[in-house]
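Participant: Coordinates only, no sequence provided:
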């Protein structure tokens, strides 16, 4: 039987070796954490705490509540946890700082136009600051090819919408946020912004990569995403109101994870932790474990491992809530 590592110890290791250096510098990685389901809550709390301490944005996805085999559902679930207006306002402050404008004392979370707040801090006319930053938004956001075309157009429009300082139904960028979060996916609602691509199974991965880049661009250290897929491996449907996955859905989900691993070179400042249970480790092709999709299994399984010591650097680690005896 393989040994395990306490959740707290592993999270501290991940924080030191990844979050404080590699991920913060723009790297990306996908880790698989295998633990009893009752331990997953401790893992989520520990990762969320480290994210907050180190300036990361923490997002979660649970396969019990949304379709883990559909990329757009994962994107929408993550998108609903993001404050898109705050990201836009933080990006505006960054652009102002790049133009050598004073931003000390400018609070992105304060009500009102962020442009006029910057103008007040610099004793400048508000319209002058708006026009200057409009040029920066066009050059640095709308033409930033590190983001997909429609996503960067949407972000530039959200930045420009912050001139009004309005909220609620009066906020002109609300259709864009509805499109990003899946509240209203009709492309006709956002076409007048210059957005023409729907967020679907084909495009969702590109939007997710763009969103993770945008979060870091807005001044956060990066993104820590926790994907809990323990529900996917459950063979019998307990009929408890949560989602149940057929074998075909399981394969689709594993293919999505394989694509995520293969696309880490296109992610920026992102650590993805996939939390699962021991059933995930079943190597039988007839099971619901990763053996059902060999392309994923070969990417995450440990070819060589010590039965007494856990390698915290491995792509896949086994966790527990107590120290295991050596």
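Facilitator: Sure thing, it's come through. Bear in mind that the values here come from a model prediction, so they are computed numbers and not experimental data.
Participant: got the buried residues for stretch 12-25?
Facilitator: 14-15, 18-19, 23-24 (16 or more other Cβ atoms under 10 Å). Where C-beta positions appear, they are placed from N, C-alpha and C, glycine not excepted.
Participant: Sticking with the closest residue to residue 128 other than its chain neighbours, tell me its helix or strand.
Facilitator: Leaving aside its sequence neighbours, residue 128 sits nearest to residue 119 (Cβ to Cβ, 6 or more residues apart in numbering; 7.2 Å). Using DSSP states H and E, residue 119 sits in helix 114-121.
Participant: and that helix, what does it pack onto?
Facilitator: helix 84-98, helix 126-137 (3 or more Cβ pairs under 8 Å, 6 or more residues apart in numbering; DSSP states H and E).
Participant: who's in contact with it?
Facilitator: Residues outside helix 114-121 that contact it (Cβ atoms under 8 Å, 6 or more residues apart in numbering) are 89, 92-93, 96, 101-108, 110, 125-126, 128-130, 133, 162-163, 165.
Participant: Could you do stretch 230-239 as well?
Facilitator: Looking at what lies outside stretch 230-239 - Cβ under 8 Å, 6+ apart - the contacts are 37, 40, 62-64, 68-69, 242-245, 249-250, 253, 275-277, 279-280, 282, 288-289.
Participant: For residue 52, see how far away residue 156 is.
Facilitator: Separation of residue 156 from residue 52 (Cβ to Cβ, to the nearest Å): 29 Å.
Participant: What's the local residue count around residue 30?
Facilitator: Residue 30: 22 surrounding residues under other Cβ atoms under 10 Å.
Participant: I misspoke; the intended subject was residue 120.
Facilitator: Residue 120 has 15 neighbouring residues, counting by other Cβ under 10 Å.
Participant: mind showing which ranges of the stretch 201-326 of the chain have poor pLDDT?
Facilitator: Applying pLDDT under 70 to the stretch 201-326 of the chain picks out residues 303-308, 322-326.
Participant: Now do the strands in it.
Facilitator: 223-228, 270-276, 316-320 (DSSP state E, counting those that start in this stretch).
Participant: Quick one: the ones you listed as TSV, columns for mean neighbour count and distance to residue 174 too.
Facilitator: As requested, these are exported to TSV (neighbours: other Cβ atoms under 10 Å; distance: least, Cβ to Cβ, whole Å):
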stretch	mean neighbour count	distance to residue 174
strand 223-228	24	24
strand 270-276	25	27
strand 316-320	21	41
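Participant: These: which one's closest to residue 10?
Facilitator: strand 316-320 (5.8 Å; Cβ to Cβ).
Participant: beta partners for the residue nearest the centre of the chain?
Facilitator: Centroid-nearest residue in the chain, with Cα atoms, centre = their mean: residue 225, separated by 4.9 Å. Assessed by DSSP bridges, residue 225 has beta-bridge partners residue 59, residue 272.
Participant: Enumerate every residue touching it.
Facilitator: 58-61, 78, 270-273.
Participant: now these in a markdown table, with distance to residue 318?
Facilitator: Conversion of the contacts of residue 225 to a markdown table gives the following (distance: Cβ to Cβ, whole Å):
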| residue | distance to residue 318 |
| --- | --- |
| 58 | 23 |
| 59 | 24 |
| 60 | 21 |
| 61 | 21 |
| 78 | 26 |
| 270 | 23 |
| 271 | 19 |
| 272 | 18 |
| 273 | 14 |
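Participant: Relative to residue 146, which of those is nearest.
Facilitator: residue 270 (13.1 Å).
Participant: The residue nearest to residue 128: neighbouring residues, count only.
Facilitator: Residue 119, neighbours per other Cβ under 10 Å, totals 22.
Participant: try residue 187
Facilitator: When neighbours are counted by other Cβ under 10 Å, residue 187 comes out with 14.
Participant: I'd say it and residue 197 touch.
Facilitator: Yes - when contacts are counted by Cβ atoms under 8 Å, residue 187 is listed as touching residue 197 (7.5 Å).
Participant: For this protein, just list every one of the helices.
Facilitator: Remark: helices assigned in the chain by DSSP state H are 7-14, 37-54, 71-79, 84-98, 114-121, 126-137, 149-161, 174-181, 204-217, 247-262, 294-300.
Participant: Including distance to residue 321, could those go into JSON lines?
Facilitator: Listed next are the helices of the chain as JSON lines, based on distance: least, Cβ to Cβ, whole Å:
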{"stretch": "helix 7-14", "distance to residue 321": "6"}
{"stretch": "helix 37-54", "distance to residue 321": "5"}
{"stretch": "helix 71-79", "distance to residue 321": "26"}
{"stretch": "helix 84-98", "distance to residue 321": "35"}
{"stretch": "helix 114-121", "distance to residue 321": "44"}
{"stretch": "helix 126-137", "distance to residue 321": "48"}
{"stretch": "helix 149-161", "distance to residue 321": "39"}
{"stretch": "helix 174-181", "distance to residue 321": "34"}
{"stretch": "helix 204-217", "distance to residue 321": "30"}
{"stretch": "helix 247-262", "distance to residue 321": "25"}
{"stretch": "helix 294-300", "distance to residue 321": "22"}
